[in-house]
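Undergrad: structure of the sequence below:
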Amino acid sequence: RPFSSPRVMFRKTGTKAAHDTETLCALCGHISPSDEEILQHAWRNLLLCQFHDVAGGVGIERVHEDANRMLEQSCSMLHELQNQLIPRLYAIQEEPDMVTLVNTLGFPRQEWVKLPDGREVFAQVEAFSTVSLSPATPTNDAASKFPNDAVQVIESKEGWQVMHPLYSFRIDRSGQIRNLSGSSRESALQDEGQLMNEWRFYRNVQTVYDAWELDRDWPEQILPNAVESHADCVSQDTHGCEFRIIHTFGNSRAEELIRVRVGDPTIRCYVRVDWHERHKMLKVHFHSNLVTQDAIHEVQFGYVRRPTHSSTPSASDRYEVCQQRFSAIAEEERGFALLNDCIHGISSDRGELALTLLRAPQVPDENNNLGLHEMTFSIYPFMCSFAKSQTTELAVCLNTPLLAFTGRAESLAPPCRMISGNAMISTLMMDRGDMIIRVYNPLATRNSSRLQLNGTRKAAPCDLAGNEMEDAVLCNEIDMDLHAFEVRTYRLCNMHSAQ
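TA: Numbering: from 1, shown residues only. Here you go, the predicted model:
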C-alpha cells in the first residue's frame with residue numbers, strides 16, 4: 001500500500017515533520033527538555049508505526065485507525081514546535097509581501113516553489129539556510145534567472161511537442177509521452193511507438209495472502225482498453241507549460257497534472273485518484289529503448305541493483321520489488337529515473353519501469369485503499385552516467401519541500417556544509433548539548449569529500465548511536481575518504497566544551 005493511502009499517509013508527513021523539526025532544533029544550537037520530549041515522543045510513534053502490517057498498510061481497519069491517530073497527534077505537535085522554533089531562530093520582520101523559505105537539507109538547491117497564496121517562484125537556497133523574497137519583484141522572475149532559456153510548445157492534431165532546454169518530448173491527446181530525448185536528437189530515450197505515462201488497469205485476485213502478495217502472472221491480468229484518458233494543455237508560456245489529463249477506469253477517476261518548468265530537469269506529474277475498486281490494480285508504465293540487465297532502486301543510504309529480466313529463477317522472482325524515493329534504468333552515458341514521494345512498489349522489464357499506484361485487496365480489510373489518494377512522481381532524463389546525474393538530490397528535494405512562512409528573516413550561517421565530493425548530510429540533530437552530523441556516500445564508488453564547519457569546533461567520529469569512537473580534535477574542516485555507501489557520524493562538542 002502506498003503512503004498515499006488515507007490510512008498511512010501520516011507516516012510520510014510525520015517523517016518529514018520529524019526531520020525538519022530536528023534540523024531546526026540543531027540550527028538553534030540547543031534543545032530544551034520540553035522540545036526534546038516532543039521530538040522523542042514523535043519518533044517513538046513514528047517508529048512504532050513501522051512494524052509489519054502497519055508499515056505495509058495491510059492490517060485490519062482498527063490498526064490503521066490507531067496508527068493514524070498517533071501520527072496525526074505527532075504531526076500536530078511537531079508543526080506547533082516548528083512555529084515556535086522559527087521565530088526563535090530567525091529575527092523575523094513582519095512584512096506581509098515577503099516570504100521566507102527555509103532549506104532543511106545539507107546541500108544548496110534551486111527549484112520552483114509554490115507559495116501559500118498559490119503563486120510560483122524560482123528560488124535558490126543554500127544548505128541549511130534561508131532566502132527572503134517578494135514574488136512581485138522582477139529579480140524573482142524566471143526570465144531574469146534564465147534569460148536565454150525557454151520552454152516551447154507546438155500543438156498539432158496528434159498532441160503537443162514540448163521543447164525544454166534539457167530535453168524534448170511529445171505528449172498525445174491521451175496524455176502519453178512519446179519520443180523523449182535529451183537536448184539533441186541523437187540522445188533519444190524512446191523509439192517510435194514506445195510510451196511513458198501509460199496507465200494500465202489490471203484484474204488482481206490473489207490465490208493466497210490477498211493484501212500481502214502479488215502473483216507473478218500479474219502482466220497477464222491486464223484489462224485491455226480499460227483506461228480512458230483525455231489531455232488538455234491548460235497553460236503555457238516561456239517559463240513552462242502544464243497539461244491536465246483525466247483518466248477514468250472501472251468505478252474510479254484520476255486527475256493528473258504534468259508540469260514542465262525551465263530550470264527544472266524533471267517532468268513533474270501530480271496525481272489525485274478517487275479509488276473505488278475491488279480486486280483491481282493500477283499501474284503506470286514508462287517504456288524506453290535503454291538496454292541494461294538491471295535497474296537501480298534506492299534503499300536507505302544508497303541503492304541496490306535488481307534484474308530487469310527473468311532469465312534466471314532468482315531474477316524471475318523479482319517481478320515486483322520495493323523502492324524508496326527513486327528507481328532508475330541507466331546505460332553508461334544515458335538513462336532515466338522515476339522519482340516519487342510515496343509509491344514503493346515497482347516492476348521492471350528490460351528498458352521499462354512500472355509504478356504500482358494502487359491495489360484493491362479485500363482481506364483482511366474490505367475497505368483497503370478506498371477513497372482519495374494524492375501522489376507525485378517525476379521523470380528525470382539524464383545524458384551522463386548515473387553517478388554524475390542529480391538523481392539522489394532531486395529525489396531528496398521532492399520528498400523534503402522547502403519550508404515557507406510570511407515575513408523577512410535574517411540569513412544565518414549554516415553550522416556545516418559539504419564543499420567537495422558527492423557525500424550528503426542526512427541528519428543534523430542535537431544530543432546532550434552537542435550537535436550530531438551524519439554523512440553518507442550515496443554512490444557505489446569510493447568518494448573523497450570535505451565537510452566545512454562554521455568556525456573551529458571540537459569534532460569526534462562516533463557510532464550511529466552517537467558514542468564517541470575517538471578523541472575529539474579542534475578543526476574547521478573534516479576530510480573524509482568514504483567507501484561505497486559508507487555512513488559516517490560526527491559529534492560536534494558545544495562551544496563551552498570546545499573552549
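Undergrad: list the buried ones in the helix ranked longest in the chain?
TA: Ordering each helix of the chain by length in residues (DSSP state H) puts helix 61-89 first. The neighbour-count check on helix 61-89 (16 or more other Cβ atoms under 10 Å) flags 63-64, 67-68, 70-71, 74-75, 77-78, 81-82, 85-86, 89 as buried. The way it works is simple: take the backbone N, C-alpha and C, and place the C-beta from them, glycine included.
Undergrad: what do you get for stretch 326-344?
TA: Within stretch 326-344, the residues that qualify as buried are 326-330, 334-344, counting by 16+ other Cβ under 10 Å.
Undergrad: closest to residue 400 among those residues?
TA: Among the buried residues of stretch 326-344, residue 341 lies closest to residue 400 (Cβ to Cβ), at 9.7 Å.
Undergrad: excluding its backbone neighbours, what's nearest the closest one?
TA: residue 376 (4.7 Å; Cβ to Cβ, 6 or more residues apart in numbering).
Undergrad: sorry, back to before: lowest pLDDT pick from the buried residues of helix 61-89?
TA: Here the lowest pLDDT out of the buried residues of helix 61-89 sits on residue 64, with 82.
Undergrad: touching, that one and residue 53? I think so.
TA: No: assessed by Cβ atoms under 8 Å, residue 64 is found out of contact with residue 53, at 9.0 Å.
Undergrad: phi first, then psi, for the nearest residue to residue 150 once chain neighbours are set aside.
TA: Closest residue in space to residue 150, ignoring its immediate chain neighbours: residue 238 at 4.1 Å, by Cβ to Cβ, 6+ apart. Dihedral pair for residue 238: phi -70, psi -20, per degrees, to the nearest 10.
Undergrad: likewise the one 10 residues further on?
TA: With angles defined as degrees, to the nearest 10, residue 248 sits at phi -130, psi 140.
Undergrad: circling back to that earlier point, so what's the residue nearest to residue 341 up against?
TA: Shown in contact with residue 376 (Cβ atoms under 8 Å, 6 or more residues apart in numbering): 268, 269, 270, 271, 340, 341, 342, 398.
Undergrad: tell me the SS of the third one?
TA: Yep, that's residue 270 we're talking about. Recorded secondary structure, residue 270: strand (DSSP: H, G, I helix; E, B strand; the rest coil).
Undergrad: how about it, nearest residue that isn't a chain neighbour?
TA: Distance criterion Cβ to Cβ, 6+ apart; nearest residue to residue 270, sequence neighbours excluded, is residue 257 at 4.4 Å.
Undergrad: would you agree the one you found falls within a strand?
TA: Yes: counting by three-state DSSP, residue 257 is found in a strand.
Undergrad: beta-bridge partners for it, please?
TA: residue 244, residue 270 (DSSP bridges).
Undergrad: how many neighbours does it have?
TA: Residue 257 has 15 neighbours, counted by other Cβ atoms under 10 Å.
Undergrad: and the gap between it and residue 230?
TA: 14 Å (Cβ to Cβ, to the nearest Å).
Undergrad: shared neighbours of these two, anything?
TA: The contact sets of residue 257 and residue 230 overlap at residue 245 (Cβ under 8 Å, 6+ apart).
Undergrad: now the strands: where do they sit in the stretch 101-250 of the chain?
TA: Ranges of strands in the stretch 101-250 of the chain, per DSSP state E, counting those that start in this stretch, are 109-114, 120-125, 130-133, 152-155, 159-163, 167-172, 177-182, 196-203, 228-237, 240-249.
Undergrad: dump the C-alpha coordinates for stretch 33-43 into CSV.
TA: Included here for stretch 33-43 are C-alpha records, laid out as CSV according to Å, rounded to 0.1, in the frame of the first residue of the first chain:
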residue,chain,number,x,y,z
PRO,A,33,13.9,19.5,27.7
SER,A,34,10.3,20.1,26.6
ASP,A,35,11.3,20.3,23.0
GLU,A,36,13.3,17.1,23.3
GLU,A,37,10.4,15.3,24.9
ILE,A,38,8.2,16.3,21.9
LEU,A,39,10.8,15.0,19.4
GLN,A,40,11.3,11.8,21.3
HIS,A,41,7.5,11.2,21.5
ALA,A,42,7.1,11.8,17.8
TRP,A,43,10.0,9.5,16.8
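Undergrad: what residues sit buried inside it?
TA: Buried residues in stretch 33-43, counting neighbours by 16+ other Cβ under 10 Å, are found at 35, 38, 39, 42, 43.
Undergrad: JSON lines for those residues, including pLDDT, distance to residue 147 and secondary structure?
TA: Formatted as JSON lines, the buried residues of stretch 33-43 follow (pLDDT from 0 to 100; distance: Cβ to Cβ, whole Å; DSSP: H, G, I helix; E, B strand; the rest coil):
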{"residue": "35", "pLDDT": "91", "distance to residue 147": "45", "secondary structure": "helix"}
{"residue": "38", "pLDDT": "93", "distance to residue 147": "46", "secondary structure": "helix"}
{"residue": "39", "pLDDT": "93", "distance to residue 147": "45", "secondary structure": "helix"}
{"residue": "42", "pLDDT": "92", "distance to residue 147": "45", "secondary structure": "helix"}
{"residue": "43", "pLDDT": "91", "distance to residue 147": "46", "secondary structure": "helix"}
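Undergrad: bridged to residue 379, which residues?
TA: Judged by DSSP bridges, the bridge partners of residue 379 are residue 267, residue 338.
Undergrad: touching, it and residue 338? I think so.
TA: Yes: using Cβ under 8 Å, residue 379 makes contact with residue 338 at a distance of 6.5 Å.
Undergrad: between the two, which contacts overlap?
TA: residue 286.
Undergrad: which other residues reach stretch 111-126?
TA: If you take Cβ under 8 Å, 6+ apart as the criterion, stretch 111-126 is touched by 99, 101-103, 108-110, 131, 133, 135, 140, 142, 145, 261, 263-264, 397, 401-402, 404, 406, 414, 417.
Undergrad: quick one: it to chain centroid distance?
TA: Stretch 111-126 has its C-alpha centroid displaced from the chain centroid by 17 Å (Cα atoms, centre = their mean, to the nearest Å).
Undergrad: let me know the average pLDDT across it.
TA: Averaging pLDDT along stretch 111-126 yields 86.
Undergrad: now stretch 113-121 - C-alpha only, CSV.
TA: The C-alpha trace of stretch 113-121 is given here as CSV (Å, rounded to 0.1, in the frame of the first residue of the first chain):
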residue,chain,number,x,y,z
VAL,A,113,8.2,26.7,-5.1
LYS,A,114,4.5,27.1,-4.7
LEU,A,115,3.8,29.8,-2.1
PRO,A,116,0.9,29.7,0.3
ASP,A,117,-1.1,32.1,-1.9
GLY,A,118,-0.7,29.7,-4.9
ARG,A,119,1.9,31.7,-6.8
GLU,A,120,5.1,30.1,-8.0
VAL,A,121,8.6,31.5,-7.8
